[in-house]
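all I have is the shape, not the residue letters:
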């Protein structure tokens with residue numbers, strides 16, 4: 001029995017080691033190298049000498065526990081990394097808008113933490129999305145319907161609540177991104193960041209979740225901490 005427990009404990013370490021080996025050490029500094037690397041499904045220099053944005057490939061992403069790791073091959077910090085949805089798609093109008101946005105922005109351009117570019121009126125107004133979770137289990141992820149365009153050192157925030165008068169109690173987490181060095185590779189890591197607990201009329205919020213120079217859909221999931229479902233909204 002002790003040997004069996006030891007083997008079971010080794011399995012996750014072995015799987016993670018294989019996953020880390022898949023992060024090939026690729027150096028990318030221009031459009032030609034980006035095209036040849038296979039790490040990106042799309043890239044553009046927007047008419048400049050440096051890469052302005054790249055679209056990460058879901059096929060090349062590595063899942064390690066609850067993190068999704070995208071190898072970005074030593075691209076410049078100023079290059080925006082676009083994360084597609086689960087089907088490898090991005091908003092159809094993103095490409096034509098992206099270069100104009102990137103050319104016009106400065107490092108501190110986004111004072112409201114997020115720029116919702118596929119909202120027709122260009123508004124940064126927060127939208128609300130429904131979520132629910134079963135008892136003591138994480139609900140499948142709820143995603144925003146608009147793309148968030150970040151910038152260097154930008155952070156984002158989340159807020160969620162539960163239904164009043166139903167004795168609901170829940171914990172929530174929001175998705176954020178960090179740029180790291182792992183096994184000698186520069187990577188973008190999608191992580192879940194705890195927001196806190198909501199109960200009754202008391203909502204939970206957190207405003208310091210890292211996002212950085214990434215474009216993607218914000219996402220939330222929750223877990224009911226009571227022996228019944230929790231349901232309400234998140235922003």
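Good, I have the coordinates. Just so we're clear, the structure is a prediction, and the values are computed from it rather than from any experiment.

tell me which residues in stretch 205-223 are buried?
Neighbour-count burial for stretch 205-223 flags 205-206, 209-223 (criterion: 16 or more other C-beta atoms under 10 Å). Any C-beta I mention is one placed from the backbone N, CA and C, and that applies to glycine too.

so for it, mean pLDDT?
Averaging pLDDT along stretch 205-223 gives 93.

what is the end-to-end distance of that stretch?
The first and final residues of stretch 205-223 sit 15 Å from each other (C-alpha to C-alpha, to the nearest Å).

likewise for stretch 42-62?
19 Å.

what's next to that stretch, contact-wise?
With C-beta atoms under 8 Å, 6 or more residues apart in numbering as the test, stretch 42-62 has contacts from 19-20, 22-23, 28, 30-31, 34-35, 38-41, 68-72, 75-76, 78-84, 86, 88, 90, 95, 98-99, 102-103, 188, 215.

what about it, average pLDDT?
86.

return the distance of it from the chain's centre.
Its chain's C-alpha centre and that of stretch 42-62 lie 16 Å apart, by C-alpha atoms, centre = their mean, to the nearest Å.

check stretch 56-73 too.
For stretch 56-73, the separation from the chain centroid amounts to 11 Å (computed by C-alpha atoms, centre = their mean).

one more: stretch 212-227?
9 Å.

and what of stretch 222-235?
21 Å.

in it, what counts as buried?
Those would be 222-225, 229-235, for stretch 222-235 by 16+ other C-beta under 10 Å.

show me just the buried residues among the contacts of stretch 42-62.
23, 28, 31, 34, 39-41, 68-72, 75, 79-84, 90, 98-99, 102, 188, 215.

can you tell me the helix or strand for the nearest residue to residue 217 once chain neighbours are set aside?
Closest residue to residue 217 apart from its sequence neighbours, by C-beta to C-beta, 6 or more residues apart in numbering: residue 143 at 4.6 Å. For residue 143, the host element (DSSP states H and E) is strand 142-149.
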